[in-house]
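Enquirer: this one's structure only:
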């Protein structure tokens, strides 16, 4: 049986944000953008200070990422995808889709695809499903996964997709072609809800329950 690998926390940032659910950074990594379950979107400094905020009633933002000068977010409950201005946090466009399952079984996370031209969407569980979103707003199912069984955040880094599971507090590195697990690491974080890997080769994890961002060194495999 393979030995379980653990990653230690090297830094943490406290956030004054209720129920943060996911985050991303601009290409220059100068600031964070964070969404919450309660329809809020924030621009936050690298030290965790809120610089801008907007609230949209009736929305359940679960995932966010940056692509082509636009912030893209998923609304899990209403099955909506939204495009935001990173300068103003205003909604630029949105579309609702049909996706079966309970209210909390919509899209949970979103990240750039490997080409940098579209997005990858992850349904949380029951089962975990992977979709491709094209910038013309078309969506197609790529695959249903048996493992990992659940995901709560996703990002892309150096030719692979990385997801975090809040149920087992584990980071998974996935093959970009068939989404099989290449490696995994346990993390000491309660309710991890988002993941981002920086150019400085640090993994950042967002905790919903603890209202914190946690920093880890990217593991040497």
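Expert: Yep, it's here. From a predicted model like this one, the values you see are computed outputs, not experimental measurements.
Enquirer: tell me the bridge partners for the most centrally placed residue in the chain.
Expert: Closest to where the C-alpha atoms of the chain average out (C-alpha atoms, centre = their mean) is residue 153, at 3.6 Å. Judged by DSSP bridges, the bridge partners of residue 153 are residue 164.
Enquirer: how many neighbouring residues does residue 60 have?
Expert: Residue 60: 19 surrounding residues under other C-beta atoms under 10 Å. To be clear about C-beta, it is placed using only N, CA and C from the backbone, and glycine gets the same treatment.
Enquirer: likewise residue 75?
Expert: The local packing of residue 75 (other C-beta under 10 Å) involves 22 other residues.
Enquirer: just residue 136 next, same as before
Expert: Using other C-beta under 10 Å, residue 136 has 6 other residues around it.
Enquirer: mind checking the SS state of it?
Expert: coil (DSSP: H, G, I helix; E, B strand; the rest coil).
Enquirer: for residue 104, same thing?
Expert: Three-state call for residue 104 (three-state DSSP): helix.
Enquirer: ok, it touching residue 126?
Expert: No. Using C-beta atoms under 8 Å, residue 104 is not in contact with residue 126, being 9.5 Å away.
Enquirer: that older thread, wait, the residue nearest to the centre of the chain sits on residue 191?
Expert: No. Counting by C-beta under 8 Å, residue 153 does not reach residue 191; the two are 10.8 Å apart.
Enquirer: I'm done for today, thanks for sticking with me.
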